[in-house]
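Enquirer: Okay, here's the prediction I keep looking at, along with the sequence it came from:
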Amino acid sequence: MNTFNQFGQPVGEPLVDWQPRQHPSRVQLNGRYCRLEPLRVEHAEALFAAHQRAEDTRSWTWLLREPDATVGEFAQWIASVCDLPDPIHFAVIDNQTGAPVGSLALMRIDPKNGVMEVGHVHFSPLLSRTPMSTEAQFLLMRYAFTTLGYRRYEWKCNSFNEPSRRAALRLGFQYEGRFRQALVIKGHNRDTDWFSIIDKEWPALESAFESWLATDNFTADGKQVRSLESWRETRF
């Protein structure tokens, strides 16, 4: 609800009790199917092997960097990012095997305004299209909204990256628009599509995620009983 100043101009919803939020930390976030651990060089060998299971390198097309040729190169990249305050990279650990199967990060962290983005999402074939992949995203969202009290959580992707666009919408992000000629990536223009979730939407989304991730929402052979979208429709 907007309020107005002494000139009758709208100045937006008042945030009387707002205080800058805590910067996210390198914490472990535990779920039913997976957990998130701060990315470390010790993850390099198993995570590199997980990515090597892919038939080709198409999962790297819209990432900001090219594929690593060796475990050593991959370990060097992890060493270069694992202590940064922004982005904060997390390894996704399969709770059944204890092995890393993908990674993602919190980035563009703005505690003053309560805004941050999920990015650098790179899931191996062992993680993609599994309950773990959804739970990994849910664990970071819950950390941002429920634990830290952020107001806005963003998702951005190359406008050509249709799998990423579909994933954002499936997870409950709202499409906000396209920033034309936003970046130059690997010698090509990138238009960037923006998506977001805001804190007012989170309670219903959290409930839908919890219902979808429940063990009774999956058959004995691992197929979902109800889609995440259908659970979300009953919450809004």
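Expert: Now that the structure is in, tell me what you want to look at.
Enquirer: What average pLDDT does the helix or strand where residue 179 lies get?
Expert: Secondary-structure assignment from DSSP states H and E places residue 179 in strand 174-185. The pLDDT scores in strand 174-185 average 97.
Enquirer: partners of it in the sheet?
Expert: Strand pairing for strand 174-185, determined by DSSP bridges: strand 188-198 (antiparallel).
Enquirer: Now residue 199: phi and psi?
Expert: Taking degrees, to the nearest 10, you get phi -60, psi -30 for the backbone angles of residue 199.
Enquirer: Please report the distance of it from residue 114.
Expert: In this view, residue 199 and residue 114 are 8 Å apart by CB to CB, to the nearest Å. Quick note: C-beta positions are derived from backbone N, CA and C, even for glycine.
Enquirer: Neighbour count for those two, which is higher?
Expert: Taking residue 199 and residue 114 together and counting by other CB atoms under 10 Å, residue 114 has the greater number of neighbours (21 against 15).
Enquirer: Quick check: chain neighbours aside, which residue is closest to the more buried one?
Expert: Closest residue to residue 114 apart from its sequence neighbours, by CB to CB, 6 or more residues apart in numbering: residue 151 at 3.7 Å.
Enquirer: Now that neighbour: phi and psi?
Expert: Torsion angles, degrees, to the nearest 10, at residue 151: phi -100, psi -20.
Enquirer: List the contacts of it.
Expert: 113, 114, 115, 198, 199 (CB atoms under 8 Å, 6 or more residues apart in numbering).
Enquirer: which one of the residues you listed sits closest to residue 175?
Expert: Lowest distance from residue 175 to these (CB to CB) belongs to residue 198, with 13.4 Å.
Enquirer: What is the burial count for that closest one?
Expert: When neighbours are defined as other CB under 10 Å, residue 198 has 15 of them.
Enquirer: got it, and residue 19?
Expert: The number of residues packed near residue 19 is 10, by other CB under 10 Å.
Enquirer: same check, this time on residue 189
Expert: By the measure other CB under 10 Å, the count of residues near residue 189 is 12.
Enquirer: re earlier: mind putting the contacts of residue 151 into JSON lines with pLDDT and distance to residue 43?
Expert: JSON lines is the format used below for the contacts of residue 151 (pLDDT from 0 to 100; distance: CB to CB, whole Å):
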{"residue": "113", "pLDDT": "98", "distance to residue 43": "32"}
{"residue": "114", "pLDDT": "98", "distance to residue 43": "30"}
{"residue": "115", "pLDDT": "98", "distance to residue 43": "28"}
{"residue": "198", "pLDDT": "98", "distance to residue 43": "32"}
{"residue": "199", "pLDDT": "97", "distance to residue 43": "31"}
